[in-house]
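**Q** from the sequence below, what's the structure:
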Amino acid sequence: MRKILLALSIFAFTLNAIAQENPWQQQADYQMNVTMDVKNFQYKGTQKLTYTNNSPDTLRVVFYHLYFNAFQPNSEMDSKLQSIPDPDRRMVNNLGTDKNPIYESRIAKLSPSEIGLLRITAMSQDGQKATFSHESTILKVTLPTPILPHSKTVLDMTFEGQVPVMIRRAGRNSPDGVALSMAQWYPKMVAYDHQGWHTTEYLGREFYGVWGNFDVKITLDKTYVVAGSGVLQNPNEMGCGYEDKGVKIPQTKAKTKTWHFVAERVHDFTWAADPQFTHDKHTLTDGKTIHFFYKKYPENWKRIQPDMLKVFDYFNTLIGKYPWPQYSFIQGGDGGMEYAMCTLMEGGKKYESLVGTAIHELAHAWFQHLLATDEAAYPWMDEGFTSYIQTLAEQQVLHLIPATNYPFNKAYNGYLNLVKSGLQEPTITHSDRYATNYAYSIAAYYKGQLFLTQLDYLMGNEALMKTLKRYYREYAFKNPTPNDFIRIAEKVSGMQLQWFLNEFMQTDHVADYAIDKVEAKGNKTAITLKRLERLPLSIDLFVTDKAGKTQYVYVPLRMTYGEKPNTYPNYPRTVVPAWGWGNLTYTFELDMPLNNIQSIVLDPNNRSVDINRENNIYKK
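**A** Here you go, the predicted structure:
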């Protein structure tokens, strides 16, 4: 009997281990040396990658991303631009008008000297030659020796590349004239996790990477200033604002300089370079350094600096401490894009646009780079959560949104417009597979924000803020999934919330609750509510009498098996029995005669995602 019990215990423990979302993460440590020719934008490099297989699986092949190969005529990215009805306007030429556009892919027009290119010229594993094949933006490597579970191997390669004309995120001669925006520029190990290899072809969406340490040396023309991920290891040799105070920078007769950066515990490495970069840096009280690199619109790039230091402190308090020693805001790219320990941002002509982009990209450091969810599968966990804390910072720190305004109205309006358009798709849709960029953008940015505002509506703001902090504490550096987040919300609130993740994010269901009937019952009033759509919600209902006195009636949703605290403490609250989703109507009696009621309103402050407000009001 003891043996049976022991066997059952071991089996239960094994099932529990299997059920964990991301019980392990791989490790990829890079040593890279790259030499850039700034005249023809071509480069050559070597890479030594120490790969640690922390999985329980034996790996006989590995894969690398070769992102720059997407910027070639007839690539899958090029084909998608020509087939999707609403392509990214940065990536196309409009040969028609705004009302009747005729889009032409910019990639399709690239000449051989303008395309992006990343090609491996030699590859070995632990000194043995490895077989490899280029398949568009993916490199497949067949290993001479399988990588056993919980073992390491060293993969060496030489590679060559060409920086494309700026089409999307990375490239040469950005809209602001920055010479080199070097994102997704190196052969990058594909993520392998409990779901297997994530060999996502690069079609323009965002990323999922492998944790590791980067030791990178970049050699290029000595007139260039380089900014990027990591900490510069030779600042007193490079100068350009990196040097210690009072240090005299040695002069060199050589035509090139070699910049040496080290970034620890990140899943990406990005850099940018230009001869005309201005470099400003600030040291925070905790010793971390914030850098700003720019060449155009210096007035606004100067102006955002004290603002961003305030926002940095705010995010540290709101979510958790930023763990790396530095962060850089770099003028470059084609808009705004987050990378490890830095961001590339276009523009600065308008302060409001520049500071909004800077806040958003900095906020990504806490979600995309500290938590690092798979953005091909769950872009809303990055873009939506990032946009949520960005909006809070804009209102509470920089006062760009009036304190009297509800800050998330833009997200609500965007979501409602998408629902009305009929183009909504479930957010479990792979990022590359959305039928329109419009549906993807609203799902990732706005519906991701509303996922948090609706949790606020269901369990209260205090529980939501505690959930965000605990989520960071428990899942930093662990590639969490939606289930990981909702389980934290359940633990914090004491509610059952798995249904909400399924209904709101994994389906295209919508909410519509209505006041169906209001009837006199002697000295009482019977109020009947009706659920017209499939998305469940709890109900906040406000009743105002003829004297102008308002009382708050809270109808819990049975499937939460809990109640939120009074989110309107200025009004007396009555909690009525919970409403089960299977019941289309719900009736309760109010201890007030009908002839004394002035109005009844569902969710008067529009905090829920109810898509029809017109049936939410009863007036005598």
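
**Q** is residue 602 in contact with residue 540, as I believe?
**A** Yes: contact criterion CB atoms under 8 Å: residue 602 and residue 540 qualify, at 7.2 Å. C-betas here are computed from N, CA, C, even on glycine.

**Q** what do the two both touch?
**A** Shared contacts of residue 602 and residue 540 (CB atoms under 8 Å, 6 or more residues apart in numbering): none.

**Q** is it true that residue 186 lies in a strand?
**A** No: counting by DSSP: H, G, I helix; E, B strand; the rest coil, residue 186 falls outside a strand, being coil.

**Q** could we number from 354 for the rest of this?
**A** In the new count, where the first residue is 354, that last one comes out as residue 539.

**Q** the nearest residue to it once chain neighbours are set aside: which element?
**A** Nearest in space to residue 539, with sequence neighbours left out and distances taken as CB to CB, 6 or more residues apart in numbering, is residue 385 at 6.2 Å. Using DSSP states H and E, residue 385 sits within strand 380-390.

**Q** please enumerate residues in contact with that strand?
**A** Under the contact criterion CB under 8 Å, 6+ apart, strand 380-390 has outside partners 395-405, 407, 533, 539, 542, 563-574, 609, 622, 626.

**Q** can you give the strand pairings for that strand, parallel or anti for each?
**A** strand 395-406 (antiparallel), strand 565-574 (parallel) (DSSP bridges).

**Q** between the ones you listed, which gets nearest to residue 883?
**A** strand 565-574 (54.6 Å; CB to CB).

**Q** got the buried residues for that closest one?
**A** 565, 566, 567, 568, 569, 570, 571, 572, 573 (16 or more other CB atoms under 10 Å).

**Q** what mean pLDDT does that strand get?
**A** Average pLDDT, strand 565-574: 98.

**Q** contact partners for the residue nearest to residue 785 when sequence neighbours are not counted?
**A** In this structure, residue 785 finds its nearest non-sequential neighbour in residue 556, 4.7 Å apart by CB to CB, 6+ apart. Residue 556 makes contact with 423, 429, 430, 433, 785 under the criterion CB under 8 Å, 6+ apart.

**Q** would the fourth one count as being in a strand?
**A** Same thing as residue 433. No: going by three-state DSSP, the assignment for residue 433 is helix, not a strand.

**Q** and the spatially most central residue of the chain, how close does it get to residue 444?
**A** By CA atoms, centre = their mean, the mean C-alpha position of the chain lies nearest to residue 735, the distance being 2.2 Å. Note on residue 735: its distance to residue 444, by CB to CB, to the nearest Å, is 21 Å.

**Q** which of the residues in the helix or strand harbouring residue 815 are buried?
**A** Taking DSSP H and E as the definition, residue 815 sits inside helix 814-828. Within helix 814-828, the residues that count as buried by 16+ other CB under 10 Å are 816, 817, 819, 820, 821, 822, 823, 824, 825, 828.

**Q** dump these to TSV, plus pLDDT and distance to residue 936.
**A** Converted to TSV, those look like this (pLDDT from 0 to 100; distance: CB to CB, whole Å):
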residue	pLDDT	distance to residue 936
816	98	26
817	98	28
819	98	32
820	98	29
821	98	33
822	98	36
823	98	34
824	98	33
825	98	38
828	97	37
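
**Q** closest to residue 864 out of the residues you listed?
**A** residue 817 (18.5 Å).

**Q** tell me who's in contact with that closest one.
**A** 805, 808, 809, 842.

**Q** ok, the contacts of residue 556 vs residue 602, which is closest?
**A** Among those, and counting by CB to CB, the member closest to residue 602 is residue 423, at 38.8 Å.

**Q** which residue ranges form the strands in the stretch 854-973 of the chain?
**A** 866-874, 877-884, 892-898, 903-908, 926-928, 938-943, 950-955, 970-972 (DSSP state E, counting those that start in this stretch).

**Q** between these, which gets nearest to residue 657?
**A** strand 892-898 (38.6 Å).

**Q** pull up the pairing partners for that closest one, direction included.
**A** Under the criterion DSSP bridges, strand 892-898 sits next to strand 903-908 (antiparallel), strand 950-955 (antiparallel) in its sheet.

**Q** got the ones you listed as JSON lines, with mean pLDDT and distance to residue 505 columns?
**A** Listed next are the strands paired with strand 892-898 as JSON lines, based on pLDDT from 0 to 100; distance: least, CB to CB, whole Å:
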{"stretch": "strand 903-908", "mean pLDDT": "97", "distance to residue 505": "56"}
{"stretch": "strand 950-955", "mean pLDDT": "98", "distance to residue 505": "59"}
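
**Q** from residue 764, how far out is the closest residue to residue 732 other than its chain neighbours?
**A** Using CB to CB, 6+ apart and skipping residues adjacent in sequence, the residue nearest residue 732 is residue 797, 4.1 Å away. Distance, residue 797 to residue 764, by CB to CB: 11 Å.

**Q** contacting residues for the residue located most distally from the centre of the chain?
**A** Note on the chain: the largest C-alpha distance from the chain mean falls to residue 875, namely 55.4 Å (CA atoms, centre = their mean). Contacts for residue 875 (CB under 8 Å, 6+ apart) come out as residue 946.

**Q** low-confidence stretches in the protein?
**A** 354-374 (pLDDT under 70).

**Q** for it, what spans make up the helices?
**A** Ranges of helices in the chain, per DSSP state H, are 355-372, 429-436, 588-591, 651-671, 704-720, 732-749, 762-774, 790-794, 801-812, 814-828, 835-846, 851-853.

**Q** can you list those in JSON lines and add distance to residue 486?
**A** Formatted as JSON lines, the helices of the chain follow (distance: least, CB to CB, whole Å):
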{"stretch": "helix 355-372", "distance to residue 486": "33"}
{"stretch": "helix 429-436", "distance to residue 486": "17"}
{"stretch": "helix 588-591", "distance to residue 486": "39"}
{"stretch": "helix 651-671", "distance to residue 486": "43"}
{"stretch": "helix 704-720", "distance to residue 486": "34"}
{"stretch": "helix 732-749", "distance to residue 486": "29"}
{"stretch": "helix 762-774", "distance to residue 486": "41"}
{"stretch": "helix 790-794", "distance to residue 486": "31"}
{"stretch": "helix 801-812", "distance to residue 486": "37"}
{"stretch": "helix 814-828", "distance to residue 486": "36"}
{"stretch": "helix 835-846", "distance to residue 486": "35"}
{"stretch": "helix 851-853", "distance to residue 486": "42"}
